[in-house]
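Chemist: Got a predicted structure plus its sequence, pasted below:
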Amino acid sequence: MTQDTNALLTSLIEGYNFSTDGLDLGVALIDGKPEPTAPIRLPLKMLNRHGLVAGATGTGKTVTLQLMAEQLSKAGIPVFLADVKGDLSGLAQAAEGSEKLTARLAEMGKEFSPRANPVEFLSLGEGTHGTPVRASVDAFGPILLARVLELNETQEECLQLIFHYADSNKFPLDDLSDVKSVISFLVSDAGAEALKNLGGVSASTASVILRGITIMQTQGLDQFFGQPEFDTADFLQVREDGSGVINVLELPSVNQQPMLFSTFLMWLLADLFEDLPEAGDLDKPKLVFFLDEAHLLFKDATKAFTDAIINTVRLIRSKGVGLFFITQSPTDLPDEVLGQLGNRIQHAVRVFTAKDQSALKKIIKTFPENGVDLQEALTQAGVGEAVITVLGEKGAPTPVAWTKMSSPGSVIGPASAEVVDASLLASPLASRYATAVDRESAREMLEAKAQPAEPQSAPEPQAPVEAPPAPAPRQQRAPKAEPNPMMDMAMDAASMIGRELLRGMFGNRKRRRR
């Protein structure tokens with residue numbers, strides 16, 4: 001080794017020599033060869049500083065995600081994965097070793113260890129191989145719904161009044177048809193008086209809201225809103241053996257229904273933020289998210305969704321939650337999000353166009369300098385290799401390491417149908433959430449209210465009954481107080497303020513616990 005190479009190796013050994021537990025990502029490549037004395041790790045306590053896994057198609061991003069998720073589960077940390085491509089179910093099935101894999105790991109000073117992880121398969125929209133995840137419109141709340149619909153300030157206020165009317169009259173808003181029924185009732189002749197008391201909702205505003213809800217239905221949101229409502233605390237399961245459960249959400253149609261996933265994600269992050277207590281800096285996070293194909297999240301995303309993600313990345317760290325975005329290029333993400341991602345795993349960058357060259361220059365500028373030729377490393381890294389820098393135990397970036405990544409002990413790719421079916425049968429969540437419940441809610445109540453009353457038959461004549469004697473003066477009731485309009489208005493205002501305090505800072509309502 002040259003003097004420069006020795007200096008680089010020494011800096012990597014010292015830079016990644018953590019005293020606390022961490023994820024084993026691989027070993028440093030020195031002069032093109034793996035160096036077992038220089039393991040590259042990521043401290044568990046720094047996972048809530050969020051991170052990025054980027055790289056061109058086919059460079060190994062999904063395997064890196066799987067490697068990290070598996071080690072998190074082993075460390076007792078629950079994980080949430082968005083499975084866009086359908087190849088993460090292999091986490092539930094132990095892999096079989098091979099000569100090639102054994103030789104690869106031996107070169108790194110490691111041994112292959114097969115592992116089947118505890119996995120909960122979840123579905124959204126058209127998914128068929130998982131427990132459905134649902135939320136009620138009522139718990140979603142008018143502010144968050146207004147953001148999804150991209151309503152202006154006046155339209156959002158009208159939507160809040162509509163929710164207030166349903167809340168005051170105990171009309172549960174379970175799904176989107178319930179909201180449409182309440183709006184239709186308020187703008188009808190039958191609801192004219194109720195609408196007047198609310199302050200009025202114009203027909204044009206009602207039409208805008210109804211049109212937006214119809215678009216949501218065409219995007220598959222009917223399958224998300226409903227009962228029974230999923231309790232986000234169920235994403236934090238830890239099995240009896242201490243393994244964190246890996247929640248794999250099937251998303252087969254995110255390209256065709258982008259609003260479905262973005263709406264779900266806004267609800268999920270907002271609900272977790274409201275429910276989880278402030279935790280500060282923990283030895284390990286409570287939950288880690290991996291958002292695969294993150295470029296699909298922000299492609300044609302609404303400003304409301306982008307703002308919600310930016311706020312979440314900034315604030316949810318203190319709740320003990322880590323977020324990792326997996327995408328092809330860092331430039332796919334907003335700068336406000338990139339600036340919050342302290343842990344970087346960059347697989348190979350493929351440069352075919354002038355735009356690619358420009359993107360490469362921007363990526364290089366985001367890495368600290370420590371003697372690694374980033375131009376060479378980022379363009380010449382092979383499959384299963386990555387350029388890594390993470391936040392050390394004191395919060396400072398570690399030296400850049402050209403790394404040969406380790407391998408997971410589970411199957412790379414989809415699990416067998418038998419393994420998935422067995423996991424679903426053993427799921428403690430399936431019995432609670434698998435079957436949709438269509439209870440009596442706002443739509444049914446308003447339809448019943450609109451039905452003409454059945455004619456009542458005349459009462460049969462009864463024998464006259466002698467009137468009871470008049471009560472003595474001391475037995476007479478006090479006269480009923482005259483109605484006080486100002487007091488009624490004050491009570492209504494206090495009630496509404498109380499309900500508004502239940503809404504979270506992200507616009508959702510606190511869920512009514514079972």
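Modeler: Happy to help now that I have it.
Chemist: contacts and neighbour counts: CA atoms only from here.
Modeler: Will do.
Chemist: Pretty sure residue 293 sits against residue 329.
Modeler: No - using C-alpha atoms under 8 Å, residue 293 makes no contact with residue 329, being 10.2 Å away.
Chemist: now the helices for the stretch 351-500 of the chain?
Modeler: In the stretch 351-500 of the chain, the helices defined using DSSP state H, counting those that start in this stretch lie at 354-365, 374-380, 417-426, 430-433, 442-450, 485-500.
Chemist: do the same with the stretch 201-350 of the chain
Modeler: Assigned by DSSP H, counting those that start in this stretch, the helices in the stretch 201-350 of the chain fall at 203-218, 258-275, 294-298, 303-315, 335-338.
Chemist: What is the second one packed up against?
Modeler: Looking back up the chat, that one is helix 258-275. When contacts are defined as 3 or more C-alpha pairs under 8 Å, 6 or more residues apart in numbering; DSSP states H and E, helix 258-275 sits against helix 142-149, helix 294-298, helix 303-315.
Chemist: go with 10 Å
Modeler: helix 137-140, helix 142-149, helix 203-218, helix 294-298, helix 303-315, strand 321-327 (3 or more C-alpha pairs under 10 Å, 6 or more residues apart in numbering; DSSP states H and E).
Chemist: again with the fourth one
Modeler: Other elements packing on helix 303-315 under the criterion 3+ C-alpha pairs under 10 Å, 6+ apart are helix 142-149, helix 258-275, helix 294-298, strand 321-327, helix 335-338.
Chemist: Give me the number of neighbouring residues for the nearest residue to residue 57 once chain neighbours are set aside.
Modeler: Spatial nearest neighbour of residue 57, chain neighbours left out: residue 328 (6.7 Å); criterion: C-alpha to C-alpha, 6 or more residues apart in numbering. By other C-alpha atoms under 10 Å, 25 other residues sit near residue 328.
Chemist: now do residue 167
Modeler: 15.
Chemist: Tell me who's in contact with residue 357.
Modeler: Counting by C-alpha atoms under 10 Å, 6 or more residues apart in numbering, residue 357 touches 349, 350, 351, 363.
Chemist: list the contacts for the first one?
Modeler: Taking C-alpha under 10 Å, 6+ apart, we find residue 349 in contact with 54-57, 59, 328-329, 356-357, 359-360, 363, 375, 377-381, 386.
Chemist: all helices in the stretch 1-150 of the chain, in order from the N-terminus.
Modeler: Under the criterion DSSP H, counting those that start in this stretch, helices of the stretch 1-150 of the chain are mapped to 3-15, 61-74, 99-107, 137-140, 142-149.
Chemist: before we move on, the earlier item: quick one, which of the contacts of residue 357 are buried?
Modeler: Neighbour counting over those (16 or more other C-alpha atoms under 10 Å) leaves 349, 350, 363 as the buried ones.
Chemist: With distance to residue 88 and pLDDT as added columns, please give these in JSON lines.
Modeler: Converted to JSON lines, the buried ones among the contacts of residue 357 look like this (distance: C-alpha to C-alpha, whole Å; pLDDT from 0 to 100):
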{"residue": "349", "distance to residue 88": "23", "pLDDT": "94"}
{"residue": "350", "distance to residue 88": "24", "pLDDT": "90"}
{"residue": "363", "distance to residue 88": "28", "pLDDT": "91"}
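Chemist: low pLDDT regions in the protein?
Modeler: Under the criterion pLDDT under 70, the flagged ranges of the chain are 1, 3, 125-128, 253-255, 452-514.
Chemist: and the longest strand for it?
Modeler: The residue-count maximum for a strand in the chain (DSSP state E) belongs to strand 33-43.
Chemist: nearest to residue 206, of the helices of the stretch 351-500 of the chain?
Modeler: helix 442-450 (16.7 Å; C-alpha to C-alpha).
Chemist: And the closest one, what's buried?
Modeler: 442, 443, 444, 445, 446.
Chemist: cool, and stretch 274-292?
Modeler: 274, 284, 285, 286, 287, 288, 289, 290, 291, 292.
Chemist: Next: stretch 214-233.
Modeler: So stretch 214-233, judged by 16+ other C-alpha under 10 Å, has buried residues 214, 216-217, 219-232.
Chemist: still on that earlier bit, take the buried residues of helix 442-450 and write them to JSON lines, including distance to residue 247.
Modeler: Formatted as JSON lines, the buried residues of helix 442-450 follow (distance: C-alpha to C-alpha, whole Å):
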{"residue": "442", "distance to residue 247": "32"}
{"residue": "443", "distance to residue 247": "33"}
{"residue": "444", "distance to residue 247": "35"}
{"residue": "445", "distance to residue 247": "36"}
{"residue": "446", "distance to residue 247": "38"}
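Chemist: which among the residues you listed gets closest to residue 369?
Modeler: Among these, residue 442 lies closest to residue 369 (C-alpha to C-alpha), at 60.8 Å.
Chemist: Just want to check the distance between the closest one and residue 174.
Modeler: As for residue 442, its distance to residue 174 is 8 Å (criterion: C-alpha to C-alpha, to the nearest Å).
Chemist: want to try TSV for the contacts of residue 357, with distance to residue 162 as columns?
Modeler: What follows is the contacts of residue 357, written out as TSV (distance: C-alpha to C-alpha, whole Å):
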residue	distance to residue 162
349	50
350	52
351	53
363	48
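Chemist: From those residues, pick the one nearest residue 279.
Modeler: residue 363 (32.5 Å).
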